[in-house]
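>>> Test case, fold it:
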Amino acid sequence: MEKENVFDEIKGIGKKTAEKLIENGIDSVEKLAGLEPKEISEKTGVTVDTAKKYSDKAVENIKEKSKEDLEEKKKKLQEKAKELEKGLGEDEDLKQELEESRETLLPIEEYLKAGIYIGTKVITPHMKDYVYKRRNDGIATIDTNKTDEGIKEMIKKVSEYDPEDFIIVCKRESGWKAVEKFSSLTGVRTFTKKYPAGILTNTQLEDFFETKMVFICDPWIDKNVLNDARTVKSKIYAICDTNNYTQGIDFFIPANNKSNKSIGIIFYLLAKGYLEKRGRTEEAEQLKQEDFI
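Here you go, the predicted model:
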């Protein structure tokens, strides 16, 4: 398909507007869906109201394209669930767990709008099983259902730790607000702008401390703490994009770990789940996604 025609399915986008989007690196419906109307307006010169129509239509377009695939996956899961249920008997805990696993934490369109599925052009051997497909522009997309499953499991794992028993490290600026919000809600210690190398391994340092688990937002950017945590044999949890290697990591969420929207929605769900597991249901219900982005 010619570049100027990539937005043909978005009603109202003319050739000139499409060209401006492409000039700004927005050369797919997925990228358009991940932008706020104000950003679209600034890049194209159209009004914010018009930009919102483009954004909404882009999201709708993606939903339609993925609907058949999602329905097929849902059908297979339901068939598998029925088979499993036959062997559950009176085990109510297993039944409840199975029921919870059928629903995603957020509607798929919410994940899409946050760009949580957008990977990189690099796919490491460790991440290939989490890739849904590679787009025409070479960008790998992550299977959103596997991301959702990863967040669900991560909530269970993280909730096993008291706030003083783990730390969160996020050197990438796009994740600072999300991890700091998580910290203010839970009391978990965080390191954003800089992680002081050695504070987990060098007992001679004044700020030395011990921790049972380390949560990192990118194994590459946060490699210093990853190495320290491996040295002291702390558990390591992470968010891994398609370009990450996962050796030494005990569990990870396959997701876009570079976008503030993606990191924000992950920590929103982790905070909500953590508070719920800790019996702080009312606080969890009051949380808003925008507070983490």
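
>>> out of everything not next to it in sequence, what's closest to Cys217?
Once flanking residues are discounted, Cys217 sits nearest to Cys170: 4.0 Å by Cβ to Cβ, 6 or more residues apart in numbering. Glycine gets a C-beta too; all of them are placed from N, C-alpha and C.

>>> Does the one you found touch Thr192 like I think?
Yes. Assessed by Cβ atoms under 8 Å, Cys170 is found in contact with Thr192 at 5.5 Å.

>>> Mind checking which of the two has more residues around it?
Cys170 (29 against 19; other Cβ atoms under 10 Å).

>>> Helices of the stretch 51-200 of the chain, residue ranges please.
Using DSSP state H, counting those that start in this stretch, the helices found in the stretch 51-200 of the chain span residues 92-101, 108-113, 144-158, 176-186.

>>> before we move on, back to that, give me the phi and psi angles of the residue nearest to Cys217.
The phi/psi pair for Cys170 (degrees, to the nearest 10) reads phi -150, psi 100.

>>> quick one on the thing from earlier: overlap of the contact sets of Cys170 and Thr192?
Here Cys170 and Thr192 have 176, 179 as joint contacts, going by Cβ atoms under 8 Å, 6 or more residues apart in numbering.

>>> where in the stretch 1-150 of the chain is pLDDT low?
Low-confidence segments of the stretch 1-150 of the chain, defined by pLDDT under 70, are located at 1-4, 9, 63, 65-71, 73-102.

>>> 90 instead?
1-46, 48-104, 107-109, 113, 135-137 (pLDDT under 90).

>>> and the gap between Thr211 and Ile168?
Distance, Thr211 to Ile168, using Cβ to Cβ, to the nearest Å: 10 Å.

>>> Looking at the two, which one has more neighbours?
Between Thr211 and Ile168, counting by other Cβ under 10 Å, Ile168 is the more crowded of the two (27 against 19).

>>> so what's the more buried one up against?
By Cβ under 8 Å, 6+ apart, the contact set of Ile168 is 179, 182-183, 188-191, 215-217.

>>> what's the closest of the residues you listed to Leu106?
Phe182 (16.9 Å; Cβ to Cβ).

>>> out of the helices of the stretch 51-200 of the chain, which comes closest to Gly119?
Across these, Gly119 has its closest neighbour in helix 144-158 (10.6 Å, Cβ to Cβ).

>>> hmm, who's touching the closest one?
Contacts of helix 144-158 (Cβ under 8 Å, 6+ apart): 70, 73, 100-101, 104-106, 108, 111-112, 116-117, 130, 132, 166, 213, 215, 237, 251-255, 266, 269-270, 273-274, 277.

>>> if we can go back for a sec, which among the contacts of Ile168 end up buried?
Among the contacts of Ile168, those classed as buried by 16 or more other Cβ atoms under 10 Å are 179, 182-183, 188, 190-191, 215-217.

>>> Nice, that's everything, thank you.
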